[in-house]
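Student: one predicted model, sequence on top.
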Amino acid sequence: MALEPAVTDLNKLKEHRPVARLIEWNAAAVLRGKYDRGELTVWVPRELIRDVLTFLKSDPELDFNYLADVTCVDWVPAEPRFEVVYHLLSIGPKKFRLRLKVALSGDDPVIESAVPVYTGANYFEREIFDLFGIHFSGHPNLRRILMPEDWEGHPLRKDYPVEGYR
Amino acid sequence: MATSLPHIASLESGTDRTMILNMGPQHPSTHGVLRLLLEIEGESVISMMPDIGYLHTGFEKTYEAKFYQQGVVLADRMDYLTPFTNELGYVLAVEKLLGIEAPPRAQWLRVLMCELIRISSHLVWLGTHALDIGAMTVFLYCFREREDILRYVEAIGGQRMFPDYFRVGGVALEPPLGWLERVKKFVDRFPENVDEYEDLLTGNPIWQRRIKGVGIITREDALAFGTGGAILRSTGVDWDLRRDMPYSGYENFKFNVPVGTGCDVWTRYVLRVQELRESTRIIQQVLAGLPSGPIKADAPKVVLPDREKMKTQMEALIYHFKIVTEGFRVPPGEVYQAVESPRGEIGFYIVSDGSPKPYRVHVRAPSFANLQILPKMCEGRLLADVVACIGSIDIVLGDVDR
């Protein structure tokens, strides 16, 4: 099982239903795409993320009814620094999996919360807020979840010292 | 982790009819260090806020400082009741990144271990759940069988709780002589043990009245909150990754996925007990058809060589030295590998930048997602039902806090 090179050409990616449907719905919603190691990734502009999630959840053909995971990756010193990653799953006969990515700059790490669409995003977004310092606008209860409330800094950022601040 | 008074919405309305009750983090029936802030009016729960983080160990940060092969050890320690499922998710993710696959015998052994540990995990759940509600005896029965399983785990991995048995590209060792026969004897008699538990509980009127109709959630909520395992299946969602998105050779086995529509604690109890029987069936199929052959993939740059080869061949010795001191390089990319743990979907999201250490590892912990639905189950119900509901989401705090 050798690795095949990743497919990044959008026209080729249209073979996958989720990408094709997204482009049909709004071509501006797909910045880039990637099919690598059997997994589909789509980059979405920050302004559109809630609309995209709403569409993917409500579209009967895709039926992404389950938000499996939300997380974040810190690419410091690159800019845009953060990438918020959503893993969607369609539970039922279709069995699609889709990864959405949103790039965020280091000085303005704010993104719309997914909680109004998927209630379960609540804890995951609090975790990202806690460990990466990313703000989710419209989140009902954005507080630290794992670290103590008076903790300084965001431990999963790459510039956070492993031994903690001295 | 809240240190100040909780941010409970209705607290601000200033009514003095309610009081705040602090449950945990050292409460025996919170299954670990879960702290619940309950707003109660008399005996009924008005609102609830789980407060977690007491067991936060920063595994995800630790991963970034470890070689890929060292990460298996960390996976064990998250959900400490099902170490093998976590290991499986992790090694499958790394294998996917590398583009290698474990040989059939290793895959089947992995399935065998995962199902054994699923039984063990469900036994801990059943025992403690019954204990919380007041049925003492079941606990002793369950731990009797769990002890057997832990002995098999110790024999194969060297440790009872954190076996560290799976490797990237295969499993560590062949099972010891006579081990498979011992497991066979165990699974042959285990269904009778399940009958024993059911004799004590299923027909018991106290047990039924304590959990029937308690902790009801809707199908829509179960999906929207991202719950998994028996919680999701108790609301009629017919979904099990082992069957629907098979990995590690699960497509070779015949088993049923129990689904219920009761949406309450009772249904989740019934489903998990059925899962005990289904796991036994899978183990029997593994034992009947375990293929022979190597237990490690043919990937000399990733998999440690046999000891014998290492002592006789220069090449093998060099690879061994390289892997142990420098790790192995993983092509850049990212994967999300989900496997079905006894608690739902556990997913490993690993980002590689081409170095021997992962750039980022994120664990989608099933208990973390499941915990979100607890307030929905408990609000508006009696205080005594809270304990039944916590038991029914089968929470493991090591998994929640990571």
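Tutor: Ah, there it is.
Student: could you say which helix or strand holds residue 77?
Tutor: Since you didn't name a chain, this refers to chain A. Secondary structure assignment for A:Pro77, by DSSP states H and E: no helix or strand.
Student: nope, chain B please
Tutor: helix B:71-78.
Student: with B:Glu308 instead?
Tutor: Going by DSSP H and E, B:Glu308 is part of helix B:307-312.
Student: which parts of that helix are buried?
Tutor: B:Met310 (16 or more other CB atoms under 10 Å in any protein chain shown). Bear in mind the C-beta positions are built from the backbone N, C-alpha and C, glycine included.
Student: go on, stretch A:10-29?
Tutor: Quick answer for stretch A:10-29 (16+ other CB under 10 Å): A:Leu10, A:Leu13, A:Lys14, A:His16, A:Pro18, A:Val19, A:Ala20, A:Leu22, A:Ile23, A:Trp25, A:Ala29.
Student: returning to that earlier point: summarise which helices and strands the helix holding B:Arg77 is packed against.
Tutor: helix B:59-63, helix B:83-98, helix B:397-401 (3 or more CB pairs under 8 Å, 6 or more residues apart in numbering or on different chains; DSSP states H and E).
Student: how about residue 138, nearest residue that isn't a chain neighbour?
Tutor: You didn't say which chain, so I picked chain A. Once flanking residues are discounted, A:Gly138 sits nearest to A:Ser113: 4.4 Å by CB to CB, 6 or more residues apart in numbering or on different chains.
Student: could you do chain B instead?
Tutor: B:Val138 sits nearest to B:Ala130 (CB to CB, 6+ apart), 4.0 Å away.
Student: just the angle for the host helix or strand of the one you found relative to helix B:83-98, thanks.
Tutor: Following DSSP H and E, one finds B:Ala130 within helix B:104-133. With axes from the mean of the first three to the mean of the last three CA atoms, to 10 degrees defining the directions, helix B:104-133 sits at 140 degrees from helix B:83-98.
Student: pull the distance from helix B:104-133 to the chain's centre.
Tutor: 8 Å (CA atoms, centre = their mean, to the nearest Å).
Student: and whichever helix or strand comes after it, how far out from the chain middle?
Tutor: Next in sequence after helix B:104-133, counting helices and strands by DSSP H and E, comes helix B:136-157. Distance of helix B:136-157 from its chain centroid, counting by CA atoms, centre = their mean, is 16 Å.
Student: ok, and what's touching helix B:136-157?
Tutor: B:113, B:116-117, B:119-120, B:123-124, B:126-128, B:130-131, B:159-161, B:163-165, B:172-173, B:175-176, B:179, B:182-183, B:186, B:190, B:193, B:196-197, B:200-201 (CB atoms under 8 Å, 6 or more residues apart in numbering or on different chains).
Student: switch the cut-off to 6 Å
Tutor: Residues from elsewhere that reach helix B:136-157 (CB atoms under 6 Å, 6 or more residues apart in numbering or on different chains): B:116, B:120, B:123, B:126-127, B:130-131, B:160, B:163, B:165, B:175-176, B:179, B:183, B:186, B:193, B:196-197, B:200.
Student: tell me the buried residues within those.
Tutor: In those, the ones that pass as buried (16+ other CB under 10 Å) are B:116, B:120, B:123, B:126-127, B:130-131, B:163, B:165, B:175, B:183, B:186, B:193, B:196-197.
Student: pick the one among those residues closest to chain A.
Tutor: The closest of these to chain A turns out to be B:Tyr165 (CB to the nearest CB; 22.6 Å).
Student: leaving out sequence neighbours, find the closest residue to B:Phe59.
Tutor: B:Arg402 (4.8 Å).
Student: closest to A:His154 among the buried ones among the contacts of helix B:136-157?
Tutor: B:Pro163 (33.7 Å; CB to CB).
Student: what's the separation between the nearest residue to the closest one once chain neighbours are set aside and B:Ile119?
Tutor: What sits nearest to B:Pro163 in space, not counting adjacent residues and going by CB to CB, 6+ apart, is B:Gly157, at 2.7 Å. Using CB to CB, to the nearest Å, we find B:Gly157 at a distance of 16 Å from B:Ile119.
Student: give me phi/psi at A:Leu67?
Tutor: With angles defined as degrees, to the nearest 10, A:Leu67 sits at phi -90, psi 100.
Student: look at it and say how many residues are nearby.
Tutor: Number of residues near A:Leu67 (other CB atoms under 10 Å in any protein chain shown) recorded here: 27.
Student: how close does it get to A:Thr119?
Tutor: Taking CB to CB, one finds A:Leu67 at 9 Å from A:Thr119.
Student: kindly report the same for B:Ala106.
Tutor: 39 Å.
Student: more neighbours: which of those two?
Tutor: Neighbours per residue (other CB under 10 Å) separate B:Ala106 from A:Thr119, with B:Ala106 holding more: 25 against 19.
Student: what's the closest non-adjacent residue to that one?
Tutor: B:Gly170 (4.0 Å).
Student: so who does that neighbour touch?
Tutor: B:Ala102, B:Ala106, B:Ile295, B:Lys296, B:Ala297.
Student: bridging residues for it?
Tutor: On the basis of DSSP bridges, B:Gly170 is bridged to B:Arg167, B:Lys296.
Student: quick one on the thing from earlier: okay but the residue nearest to B:Phe59 is in contact with B:Tyr80, surely?
Tutor: No: contact status for B:Arg402 versus B:Tyr80: not in contact, 11.4 Å apart, counting by CB atoms under 6 Å.
Student: neighbour-wise, which of those two wins?
Tutor: B:Arg402 (23 against 17).
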